[in-house]
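1. Structure for the following, please:
(one chain, ligands or ions: 1)
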Amino acid sequence: MTHSIMPEQFDAILKQFVDLKERSPFYAKKFEGIDLSAVKTLEDFQKLPFTEKGDLREAYPLGLAAVPPEKIVRIHSSSGTTGTPVIIPYTQKDVDDWAIQFARCYEYAGITPSDRIHITPGYGLWTAGIGFQLGAEKLGAMAIPMGPGNTDKQLQMMQDMESTVLCATSSYALLLAEEIAKRGIKDTIKLRKGVIGSERWGEKMRARIADELGVELYDIYGLTEVYGPGIGINCKADSAMHIWADYVFVEIVDPETGLPVEDGQPGEIVLTTLQKEGAPLVRFRTHDLSRIVPGECDCGSHHPRIDIITGRTDDMVKVKGVNMFPAQIEEIIAFTDGASSEYQVMIDHMDGRDIMTVFFETEAVGEEKAAVEAQMQALFKAKLNMTPVAKGVAVGELPRSEKKTRRIFDNRY
Ligand code: ZN
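-> Below is the predicted model of the structure:
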């Protein structure tokens, strides 16, 4: 069984298909031998091959362009940690559409033109900072384009400019929250909302940031290949994120088989753009894991919802024959009394066997700490049927970073 598509969305796909192969040499090649005019149903559509990140990389530098060069007003690039980057060309309409979507995100979060938006994600080739700024300007709010780093200056500007909205990664928001607490300046900070770039982050961390900064938190979703951040956000009513149905069609597929799963079931997010000109994408595999949240949202919005991202398909690790996702590890840590939200996992291979060590921050010491460690090990055994080494360290000892914090280190290969 496949899941639902809105009739307007399917119409938009068919409209794109009329001349997609003429506009896009990339898709002319990708869909060679496939007659797109024969796609009549969602089932037909879901038989089309996926677009993989590797395909985009092969199109470097401008092979993804589906418009003449003079129509491209900007490029962005997704950060490949290895190999060739992916270059995404944007037309003016793409840039405008992105701003519209991002402004809508701010509105869903209850942010208004009287807000002052403190933007800490980076500016440059990637889509982070500039997307947050586009949306702020479109909304008519005051953008404070800080970029990352220099905590002293961040806090000074936050006080002087009376910033009311913080845009950050979860790890940087936590770093700022801890710094504000340490300096005892919470009373001078006017923040009321946090818009956090989507990455998998546990409930404990969310609660700590919300609590220490005294803000309401929102998760924003997006990726460079598909505009950038801003294609969806959660609303006041729910933690699941609405994805803008007029711009993007969401499918969830089984990451192993590639087959669509039923609404509500977990799997990999696959996205199709509905209006993009510069680099349209059909069935792009994001490798992000989530699920469609079925039913209508209490807020009354009809934009479909996906759950908070639970991990990446490539984050799955196998230790002693047990498959596990970071979200499961995080859940166990959250359940352990006395363990804080910060953790790091090391996986090694020694003397012919796998050893997994979970380092976590705790205020407990001595016997009390040993009890926390034992409880965590018992929870791992009960939930995942494997027992790691659990090791408590003092609060503040594990690294924080301005970018996404890497927490799982597989040193076996
Ligand atoms: Zn809603």
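
2. what does the stretch 251-400 of the chain put close to the ion?
-> Within the stretch 251-400 of the chain, the residues that sit near the ion (Cβ under 5 Å from the ion) are 297, 299, 301. For glycine as for every other residue, the C-beta is placed from the backbone atoms N, C-alpha and C.

3. Just the buried ones from those residues?
-> 297, 301 (16 or more other Cβ atoms under 10 Å).

4. Burial check on residue 296, number of neighbours?
-> 10 (other Cβ atoms under 10 Å).

5. Hmm, residue 302 and it touching each other?
-> Yes - Residue 296 is within contact range of residue 302, at 7.4 Å (criterion: Cβ atoms under 8 Å).

6. Burial check on the closest residue to the ion within the stretch 1-150 of the chain, number of neighbours?
-> Nearest to the ion, among the residues of the stretch 1-150 of the chain, is residue 108, at 7.4 Å (Cβ to the ion). If you count neighbours by other Cβ under 10 Å, residue 108 ends up with 22.

7. Please, which helix or strand holds residue 98?
-> For residue 98, the host element (DSSP states H and E) is helix 92-108.

8. so can I have a markdown table of the residues of the stretch 251-400 of the chain next to the ion showing secondary structure?
-> A markdown table is the format used below for these (DSSP: H, G, I helix; E, B strand; the rest coil):
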| residue | secondary structure |
| --- | --- |
| 297 | coil |
| 299 | coil |
| 301 | coil |
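
9. Including pLDDT, could the residues of the stretch 251-400 of the chain next to the ion go into CSV?
-> Output for those, formatted as CSV (pLDDT from 0 to 100):
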residue, pLDDT
297, 96
299, 97
301, 97
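
10. Same list, the residues of the stretch 251-400 of the chain next to the ion, but as TSV with distance to residue 371 please.
-> What follows is these, written out as TSV (distance: Cβ to Cβ, whole Å):
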residue	distance to residue 371
297	42
299	43
301	46
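
11. and the residue of the stretch 1-150 of the chain closest to the ion, what is it in contact with?
-> The contact partners of residue 108, by Cβ atoms under 8 Å, 6 or more residues apart in numbering, come to 218, 233-236, 242, 299, 301.

12. can we see that at 10 Å?
-> Residues in contact with residue 108 (Cβ atoms under 10 Å, 6 or more residues apart in numbering) are 218, 220, 232-237, 241-242, 244, 299, 301, 303.

13. mind listing what residue 51 touches?
-> Shown in contact with residue 51 (Cβ under 10 Å, 6+ apart): 26-27, 30, 64, 225, 270-272, 280-285.
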